[in-house]
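Visitor: How does the following fold in three dimensions:
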Amino acid sequence: FFFNDTATTEIYTEQIVGSVRCVQETELQKFRQIMREHNINAYLQPKGDAHFSEYPADFSERIKFISNFSGSYGVVLITEKEALLWTDSRYWLQAEKELDQGWELRKLQLGAQTWFQFVVEQYANKGEFVVSYDTSLLSYDNYKTRSTYFSNNGIKFEGKDTNLIDLIWTDRPAEPSAKLMVHDVQFTGQSVTERLEQVGKQTLATGASYHFVPILEQIAWVLSIRGRDNEYNPVCMSYLLLHFEKNGEQISSRGTLYVRKSKVPEEVQKHLQSFHIDIKDYNEVGGDLRGIDQKILISKTECNSFVYQTIEKQDLIINCTGESPIEKLKAVKNAREREGMRTCHVRDGAALVRYIAWLENELNVNNNTELTEYSGAMTLKGFREAQEHNQGLSFSSISSIGANGAVVHYEPLEHTAQKLNNKEVYLLDSGGQYLDGTTDVTRTFHFSEATDEQRDAYTRVLLGNLDVERVLLPNNGRMSGSDIDILARRRLWEVGLDYGHGTGHGVGYFLNVHEGPLGISKYRDYAFSDGMMVTNEPGYYKDGEFGIRIENILEIVAKSDGKWLQFNNLTMFPYERRLIKGSLLEQKDRDYINNYHQRVLETLTPVLEKQNDQLAIQWLKTACAPL
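Guide: Just a heads-up that it's a prediction; the model follows:
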């Protein structure tokens, strides 16, 4: 929806409509006054922070503050007359519900007008026009590309070292202050020395002596530390500068971690010092980069333009070609990490079984009509937190009933969540963080009688999921997610259905639930290799009625002959038999599902017995009975 707002029109709202906030003077009016004071015509605000985090800490949620949109991806452009949000198909329905008055949704999709094309088409060659932005929120690569594009069209692209939205955000949350922790080698399976040596080899091979690391999960991985600056991603706002020297066959390393010193307890200090890593304040990074006198390896797509341009001797920069060394190394799990991912999925599966068994009993036996999407998600959180090595959730649970299931990244809120019931489809996408891994699982349920349309769509989604899982790929260093995305969709395409998001993403190890460089979509061409982890999550969404998604985490495994790659499904939870349409299954599909269910039953039953949950044990037996 679109509510027009201009700088000369005052807008007041007296009540909450949907999720629109009750305000007096709009934040847009305040911000446009700031724009006038700074002599700019448009302001660009991307989602994220200086490290391009998908889920930034609350004090970096500027788009949510200015527009009320809370999705994990978006780009905002504010002019004197327009307030526009661009986001992808995962968030279209959510944005329509959340955006404040005065905002317009622009749908990001192939062939659609982008924010920078909008600026040129509307304002090029119409006198001086200045687009401003926060230099810490745009990668150097993005900055260079947009600067050239705008310059060629007579528009000025002017960076600022402060964020103008912060000038009106009077109640902006403080930066998180939680302490760092050491991720012990019993869980990582690899010492920091080994990881630094791997990074050093790749850095020196480029001709560089320094390697600058601005991405938070990369820093956490290479130093075996974890933070709590975000509720779901165990990272800490920081930069890392590494220096390597080769002495004969040996590679020596030293480095500096730039972080708020108050976040570094003594245990972490000693841990870092043992690997020759000094600690300096977060804001000292610019001064040290200015003094660089040797070649430095840096990714212009990962480093923000503010930090990148502090390096005065630009001829010393060696830009990464493709993915940075740590991004590539982190994607391939070692033996301990692979073991951890398998075992944490067993515990996580037990938690999910306990929740669904409890929920179905509440709805169908106890006739509980007071449960909501939010209270259900909180109950599941409690079951996860009771599991060994749990460190919280890996993202906010998508607990969605009926029409809310069609909102791909729906998040239930305590005071607006819908009541759960046994008459509608229930989509649940959730995950946990564990010292020995990260989980992300989606299942779709119906607790009574589903319609034929729902069963048909669910079964096609399930078959697409299984087609991806069952495929064999040549282990030739070239096969990627773009080669198999069609397998997840073809059963839906047979009847003219599809879904708008990608089919899968990489997964961290007690790190970010969404990680690169691999994935499954027509755009993901990073080659698969033994030891990688990727999700498999096709879906179907009928706006206003229901949503369906089935997600497993797949371990990529080389067959014994080394010539082929196959997928090992780590997720331990049965499919919804009430939603399976048997007439769409071939015998091989039925056998495959039954074999998987038998494995789930045999794996989870001992865990549930140890936790003495008889309700869950009985539910699991019924759910895993042969089709």
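Visitor: For Lys156, which residues are in contact?
Guide: 128-131, 150 (CB atoms under 8 Å, 6 or more residues apart in numbering). Where you see a C-beta, it was placed from the backbone N, CA and C, and this is true even at glycine.
Visitor: Got the phi and psi for it?
Guide: Per-residue torsions, Lys156: phi -90, psi 130 (degrees, to the nearest 10).
Visitor: pLDDT value on it, please?
Guide: What the model reports as pLDDT for Lys156 is 96.
Visitor: and if you look at the one 4 residues further on?
Guide: pLDDT, the model's per-residue confidence, is 95 for Lys160.
Visitor: can you count the residues close to the residue nearest to it when sequence neighbours are not counted?
Guide: Of all residues not flanking Lys160 in the chain, Ser132 sits nearest, at 5.7 Å (CB to CB, 6 or more residues apart in numbering). Applying other CB atoms under 10 Å, we find 20 residues neighbouring Ser132.
Visitor: What of Leu110?
Guide: For Leu110, the count of nearby residues is 6 (other CB under 10 Å).
Visitor: Then Asp591?
Guide: For Asp591, using other CB under 10 Å, the count is 13.
Visitor: who's in contact with the helix or strand containing it?
Guide: Element membership for Asp591, per DSSP states H and E: helix 587-610. The contact list for helix 587-610 (CB under 8 Å, 6+ apart) reads 346-347, 349-350, 353-354, 462-463, 466, 470, 569, 572-575, 580, 582, 585, 616-617, 620-621, 623-627.
Visitor: any idea which helix is longest in this protein?
Guide: Determined from DSSP state H, the single longest helix within the chain is helix 335-364.
Visitor: Tell me which other helices or strands that one touches.
Guide: Counting contacts by 3 or more CB pairs under 8 Å, 6 or more residues apart in numbering; DSSP states H and E, helix 335-364 is packed against helix 185-188, helix 373-385, strand 432-434, strand 437-438, strand 441-445, strand 552-558, helix 587-610, helix 614-623.
Visitor: and the helix or strand just after the fifth one, how far out from the chain's middle?
Guide: Moving toward the C-terminus from strand 441-445, the first helix or strand encountered (DSSP H and E) is helix 452-470. On the basis of CA atoms, centre = their mean, to the nearest Å, the separation between the geometric centre of helix 452-470 and that of its chain is 24 Å.
Visitor: what do you get for stretch 320-335?
Guide: 17 Å.
Visitor: hey, C-alpha coordinates of that stretch in PDB?
Guide: Extracted in PDB, the C-alpha atoms of stretch 320-335 (Å, rounded to 0.1, in the frame of the first residue of the first chain):
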ATOM      1  CA  CYS A 320      40.800 -10.700  -3.700                       C
ATOM      2  CA  THR A 321      39.600 -12.400  -6.800                       C
ATOM      3  CA  GLY A 322      36.400 -14.200  -6.000                       C
ATOM      4  CA  GLU A 323      35.900 -15.200  -2.400                       C
ATOM      5  CA  SER A 324      38.400 -14.300   0.400                       C
ATOM      6  CA  PRO A 325      40.700 -17.000   1.800                       C
ATOM      7  CA  ILE A 326      38.800 -17.400   5.100                       C
ATOM      8  CA  GLU A 327      35.400 -17.500   3.400                       C
ATOM      9  CA  LYS A 328      36.600 -20.500   1.300                       C
ATOM     10  CA  LEU A 329      38.300 -22.300   4.100                       C
ATOM     11  CA  LYS A 330      35.400 -21.900   6.500                       C
ATOM     12  CA  ALA A 331      32.900 -23.400   4.100                       C
ATOM     13  CA  VAL A 332      34.600 -26.800   4.200                       C
ATOM     14  CA  LYS A 333      34.000 -28.400   7.600                       C
ATOM     15  CA  ASN A 334      36.700 -30.600   9.200                       C
ATOM     16  CA  ALA A 335      36.100 -34.000  10.600                       C
END
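Visitor: what does it contact?
Guide: 189-190, 195, 198-199, 202-203, 206, 211, 213, 215, 217-218, 221-222, 297-302, 341, 506, 508-509, 511, 515-518, 526, 529-533.
Visitor: What of stretch 499-508?
Guide: By CB under 8 Å, 6+ apart, stretch 499-508 touches 88-90, 109, 217, 221, 330-331, 408, 438, 440, 468, 481, 485, 488-489, 492, 513-521, 523-524, 532-541, 553-554.
Visitor: Can you give me the buried ones in it?
Guide: 499, 501-508 (16 or more other CB atoms under 10 Å).
Visitor: ok, now stretch 422-429?
Guide: Those buried within stretch 422-429 under the rule 16+ other CB under 10 Å are 422, 424-429.
Visitor: In strands only, show me the residues you listed.
Guide: Residues of the buried residues of stretch 422-429 located in strands (DSSP state E): 426-429.
Visitor: how about these in JSON lines, adding pLDDT and distance to Leu167?
Guide: What follows is these, written out as JSON lines (pLDDT from 0 to 100; distance: CB to CB, whole Å):
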{"residue": "Tyr426", "pLDDT": "98", "distance to Leu167": "44"}
{"residue": "Leu427", "pLDDT": "98", "distance to Leu167": "40"}
{"residue": "Leu428", "pLDDT": "98", "distance to Leu167": "41"}
{"residue": "Asp429", "pLDDT": "98", "distance to Leu167": "37"}
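Visitor: between these, which is closest to Gly291?
Guide: Distance to Gly291 across these (CB to CB) is lowest for Asp429, with 46.8 Å.
Visitor: Hmm, Ser397 and that closest one touching each other?
Guide: Yes - the criterion here is CB atoms under 8 Å, and Asp429 meets it with Ser397 at 7.1 Å.
Visitor: what touches both of those two?
Guide: Common neighbours of Asp429 and Ser397 (CB under 8 Å, 6+ apart) do not exist.
Visitor: give me the number of residues near Arg36?
Guide: Residues lying near Arg36 (other CB under 10 Å) number 12.
Visitor: which secondary structure elements does the helix or strand hosting it contact?
Guide: Per DSSP H and E: Arg36 is located in helix 27-37. Helix 27-37 sits against strand 42-46, helix 62-67, strand 75-79, with contacts defined as 3+ CB pairs under 8 Å, 6+ apart.
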